[in-house]
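Participant: quick one: sequence and predicted model below, then my questions.
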Amino acid sequence: MTPEQLAELRHDLRTPLNHIIGYSEMLLEDSADPRLEETLDAAREALGLINAILGVPGAGTSDVARLYDALRVPRGRIVAAITALLPSADEGRDGTVTADLRKILGAAERLVPSDRRVSATAPPSQPRRESVESPELSGAPRARILVVDDGADNREVLRRRLERSGHAVEMAEHGRRALELLTTAPFDLVLLDVLMPELDGFAVLEAIKGNPALRDIPVIMISALDEMPSIVRCIERGAEDYLPKPFDPVLLRARINASLEKKRFRDQEVEYLREVGRVIEAATAVEAGTYRQGALGPVAQRADELGRLARVFDSMVVRMKAREERLRDQVRDLREDIEEARRTSKEFAIAVDGGNLRTGERLGQRFEILAVLGRGGMGTVYRARDLDLEEEVAVKTLRPEFVRDATLLERFKDEIRLARRLSDQHIVRTHDFGESGGVYFLTMEYVEGITVREVIDTRGRLGVSSTLAIGAQLAHSLAVAHEHGVIHRDIKPQNLLLDAAGILKVMDFGVARLAERTTSVTEAGLAVGTPAYMPPEQLMAEAVDARSDLYAAGVVLYECLTGRTPFEAPSVMVLVKKLLTEAPPSPAEFNPEVPPALAALVLRLLAKEPDDRIQTARELEQQLESLG
Amino acid sequence: MAKILLVEDNEMNRDMLSRRLQRKGYEVAMAVDGRQGVEMAKSGGYDLVLMDMSLPEIDGWEATRQLRAVPETRGLPIIGLTAHAMAGDREQALKAGCNDYDTKPVELPRLLAKIEALLSRPK
């Protein structure tokens, strides 16, 4: 061994002895305990051994081995004496004596050299072990750990312990080096000394926690000073744990394992969240129309709930796309029907006679009448210009007999208030209810299109595909309205508008409330036209609910498929009687193209008892889509 | 009360020696490496420096040389400390400008005697 190596070894051995002697002397000033005297005596003996064996010029590796053996005796005396002192050390005091005794124990531990220092010169078959600790066999998870300490002794002690636990250890002698190492390779854990020159442990901790790439690496702070303020400081800055030096080997191992375990959970969580992110990305892609089937591949292979979610998501998207394609085909057929109807619908426009308002006339200083759009049982619908908002609207005037009853009018206003909240692609928006010069009127979104009435009348009947396109859109609008507590009460082909793109919009939500009084059998709907679309409960002026709209939707589908309503009769009275008592013929009787499932669905909607019908518009929508 | 600057990188040595000196009635400030030691010493207010010789950044010899190179700290008493106990350490320390020298483990009575001797000498 070179003189330098010997000097370094001597220094490494004297430093812990320095600590042992210093702390023991200090404690002896307070209490002349014989066990402290014994400690001091043993430490001096160790010092003597070091000087005697290593002080000789030309001392070799065999001398070093001899010294280690010899040091076991004084070291054992120190450990025994201090261990005996520990239990009663702090009676009535604040823990400082215990802390100092632990420092002595820690120093005694460091009295034994590291394996590496010996194996560099000694045969590898004689590795040195610390007697207090037995080597771990297995079970401890392997990890990459960075030890940051300016004290070479401390680094060595930690390295040895950690390597024996199966961990890979890197060491940094100061903070800057630590940060360098952290950015070059991944670590599972950092053991960080608090008091270091230049860049201290707090600064390194802050740098780690402030770096998004390093933030998740757990940091255990180590310090010889068992001080509350510095512990608090570390925890506040995000340290995982705080370990006072000298280390209790069992505690050290337990804390390191606990930190690594937590890190593993955190890593799993981060990975999990990353995959959740992929599902969210996929959802965004679906909205943008760029989702490709199987794009969730790796996530879908997971065995857990997230994997299931990804698989369900993927298959749902595939089904949805198929459905969209079907709908597109249906709408294309429907558009052909619409175009055909438009070509001949001029006659209808001419056939509609004018209402009470003339073109150019103004209603309530705000609406300029442009044209008559249609005339129904309740009043006339005009196309008008909203002079305030500079846009075209539809204005529906209400015949005076509908607004005479104040109670009914209030109820109607409530209904309109509800209907105004509906906002959907398939619902004509209701804007306002007003009165001007004794004329009550409703303003609505103006939709340029034709009614399903016109399409049926010009086409005779519609194909299955067009009917499904109308039915699904109608069911969708009803589902939205019903979920908002709005029942239409007057679903019929006249109230269903189709624009040029084949988008169906339902109008007059809430309006039928006004006509309710007059829709009982006694007045037989004369005011609002035919009762052909009314379910028995509505005809009998009984409780009307969402299922009443579904009955009416069934009649609309029936009429689309066959060109006629389920019951035909020479008079209203006969019609009502049939409506209340007779089972409707299957639509397939009038149109052999109607598939049995669709015919059955329509008949189910036409059940006399609401309980026997399909119960919700949402369910109807799904069933119609599944038939496409 | 005399104020001592303890320049020592070893945390336990710092803790131990500072507490022992405080018990003896000294006020103790600490630096953890040579660079900080030089800065603190130059900022003034210390009666004596206990300088560990093996320090990171700037070692004790160099730190002592730097303190001797400027007028404000030229006369500041410095006691060098080392655990090496190599022959020649003492000479080197004195040559670098230390007023005295001691080895670690510190024998406190001996160190205190050296401190007192330096503090009581005529300025």
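Facilitator: Yep, that arrived. The structure presented is a predicted model; accordingly, all values stated were derived computationally and were not measured. Residues are numbered from 1 along each chain as shown, chains lettered A, B, ... in the order given.
Participant: how deep is residue A:290 tucked in, by neighbour count?
Facilitator: Residue A:290 has 10 neighbours, counted by other C-beta atoms under 10 Å in any protein chain shown. (C-beta placed from N, C-alpha, C; glycine too.)
Participant: wait, a strand at it?
Facilitator: No - per DSSP: H, G, I helix; E, B strand; the rest coil, residue A:290 lies outside any strand segment and is coil.
Participant: show the model's pLDDT score for it.
Facilitator: If you check residue A:290, the pLDDT there is 80.
Participant: where's the residue in the stretch 501-628 of chain A that chain B sits nearest to, which helix or strand?
Facilitator: Per C-beta to the nearest C-beta, residue A:618 is where the stretch 501-628 of chain A lies closest to chain B, at 71.0 Å. Using DSSP states H and E, residue A:618 falls within helix A:617-627.
Participant: and that helix, what's its mean pLDDT?
Facilitator: In this model, helix A:617-627 has a mean pLDDT of 91.
Participant: now tell me what touches stretch A:241-249 from outside.
Facilitator: The contact list for stretch A:241-249 (C-beta atoms under 8 Å, 6 or more residues apart in numbering or on different chains) reads A:99, A:102-103, A:105-107, A:109-110, A:132-133, A:154, A:157-158, A:161, A:191, A:218, A:220-226, A:231, A:234-235, A:251-252, A:255, A:258-259, B:11-12.
Participant: check the gap between the one residue sitting closest to the centre of chain B and residue B:88 for me.
Facilitator: Central residue of chain B (C-alpha atoms, centre = their mean): residue B:50, 1.6 Å from the mean position. With distances taken as C-beta to C-beta, to the nearest Å, residue B:50 is found 21 Å from residue B:88.
Participant: for chain A, what is the nearest residue in chain B?
Facilitator: residue B:33 (3.2 Å).
Participant: dump the residue contacts of the closest residue to that residue other than its chain neighbours.
Facilitator: Nearest in space to residue B:33, with sequence neighbours left out and distances taken as C-beta to C-beta, 6 or more residues apart in numbering or on different chains, is residue A:197 at 3.2 Å. Each residue near residue A:197 by C-beta under 8 Å, 6+ apart is listed here: A:150, A:174, B:9, B:32, B:33, B:35, B:36, B:55, B:56, B:57.
Participant: strands along the stretch 251-400 of chain A, start to end?
Facilitator: For the stretch 251-400 of chain A, the strands defined by DSSP state E, counting those that start in this stretch cover A:362-363, A:367-375, A:380-386, A:391-398.
Participant: again but with chain B, I slipped
Facilitator: Counting by DSSP state E, chain B has strands at residues B:3-7, B:27-31, B:48-52, B:78-82, B:100-103.
Participant: let me have the ones you listed in JSON lines, extended by mean pLDDT and distance to residue A:48.
Facilitator: Listed next are those as JSON lines, based on pLDDT from 0 to 100; distance: least, C-beta to C-beta, whole Å:
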{"stretch": "strand B:3-7", "mean pLDDT": "95", "distance to residue A:48": "27"}
{"stretch": "strand B:27-31", "mean pLDDT": "93", "distance to residue A:48": "30"}
{"stretch": "strand B:48-52", "mean pLDDT": "94", "distance to residue A:48": "23"}
{"stretch": "strand B:78-82", "mean pLDDT": "90", "distance to residue A:48": "19"}
{"stretch": "strand B:100-103", "mean pLDDT": "86", "distance to residue A:48": "14"}
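Participant: show me which of the ones you listed has the highest average neighbour count.
Facilitator: Highest mean neighbour count among those (mean count of other C-beta atoms under 10 Å in any protein chain shown): strand B:48-52, with a mean of 27.
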